[in-house]
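>>> structural data only, the sequence is not supplied:
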């Protein structure tokens, strides 16, 4: 637990330094602890150190943790949502960061439960990654007027893996600019930018991230 405390302190200090460098309030950035492969007890320990938001990649893994830990934490789906798993999402999660097709929006809307969603944009156009391009994003935004329960709140991206965090900066700034563009074009007021992980969250914060998804830097290397 000591290592967890120390790693979490280091992450928070780095986040604060990035906010100060960018002239932003530390309250403007939400730390989402990514808990893929992390057991319930470690998640509970993180809660004891003040973490309130947790991100899961897989529905099946999330179900056990949500049931064990109750309604206290805010749960974020940060992984790709398979069509046959969409029915579980509204019961388990408050946020979905990985909207990449209209059919998923329709499936979530049918459950008639309030859900905050972000569109995953594949700015690098890497074929092995999920996400939509700018044109597909605009096509989806043209259709959101009829939604009652699913509320679009922002954009998410994953830049290419890089040995130097500075190489990810153009992707983060591009997502920030894209958010401003589509808000103006469609008369929206989306505010969330989910970008930055363990290797590059400081750079993402400097470029406007409002949510960072940090796993390894908090919990250590996955087994």
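Received, thanks. Being a predicted model, the structure only gives us computed values, none of them experimental. Numbers count the residues shown, from 1 in each chain.
>>> assign residue 154 to helix, strand or coil.
What DSSP: H, G, I helix; E, B strand; the rest coil gives for residue 154 is strand.
>>> now the strands: where do they sit in this structure?
30-34, 53-56, 74-77, 95-99, 115-120, 150-156, 192-194, 211-214 (DSSP state E).
>>> list the buried residues of the longest one.
When neighbours are counted by 16 or more other CB atoms under 10 Å, the buried residues of strand 150-156 are found to be 150, 152-156. Placement of C-beta: from N, CA and C, glycine included.
>>> and the longest helix along the chain, what's buried?
The residue-count maximum for a helix in the chain (DSSP state H) belongs to helix 2-22. Neighbour counts over helix 2-22 (16+ other CB under 10 Å) mark 4, 7-8, 11-12, 15, 18-19, 22 as buried.
>>> go on, stretch 128-142?
129, 131-132, 136-137, 140-141.
>>> stretch 27-34 too?
By neighbour count on 16+ other CB under 10 Å, the buried set for stretch 27-34 is 29-34.
>>> rewinding a little: which of the buried residues of helix 2-22 sits closest to residue 214?
Taking CB to CB as the measure, residue 11 is the one of these closest to residue 214, at 5.9 Å.
>>> residue contacts, that closest one?
When the contact criterion is CB atoms under 8 Å, 6 or more residues apart in numbering, the partners of residue 11 are 31, 201, 214, 217-218.
>>> from what I see, residue 100 and residue 118 are in contact.
No - if you go by CB atoms under 8 Å, residue 100 and residue 118 don't touch, sitting 10.4 Å apart.
>>> more neighbours, these two?
For residue 100 versus residue 118, neighbours defined as other CB atoms under 10 Å are more numerous around residue 118 (26 against 21).
>>> report the beta-bridge partners for that one.
For residue 118, the beta-bridge partners are residue 154 (DSSP bridges).
>>> so where do the helices sit in this protein?
Counting by DSSP H, the chain has these helices, from start to end: 2-22, 40-48, 59-69, 89-92, 102-109, 134-141, 169-186, 201-206, 216-219.
>>> tell me, how many neighbours does residue 147 end up with?
Residue 147, neighbours per other CB under 10 Å, totals 15.
>>> ok, it to residue 115 distance?
Using CB to CB, to the nearest Å, residue 147 is found at 10 Å from residue 115.
>>> what does residue 212 give?
Distance, residue 212 to residue 115, by CB to CB: 21 Å.
>>> in this protein, what spans have low per-residue confidence?
By pLDDT under 70, the weakly predicted segments of the chain are 1-2, 223.
>>> about what we covered before: residue 212 and residue 115: which has the busier surroundings?
Neighbour totals were compared for residue 212 and residue 115, and residue 212 leads with 27 against 21 (other CB under 10 Å).
>>> what sits against the more buried one?
When contacts are counted by CB under 8 Å, 6+ apart, residue 212 is found next to 15, 29-32, 194-197, 201, 204-205.
>>> could those go into a markdown table alongside distance to residue 67?
Supplementary listing: these in a markdown table, determined by distance: CB to CB, whole Å:
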| residue | distance to residue 67 |
| --- | --- |
| 15 | 30 |
| 29 | 29 |
| 30 | 24 |
| 31 | 23 |
| 32 | 20 |
| 194 | 25 |
| 195 | 30 |
| 196 | 29 |
| 197 | 26 |
| 201 | 29 |
| 204 | 31 |
| 205 | 32 |
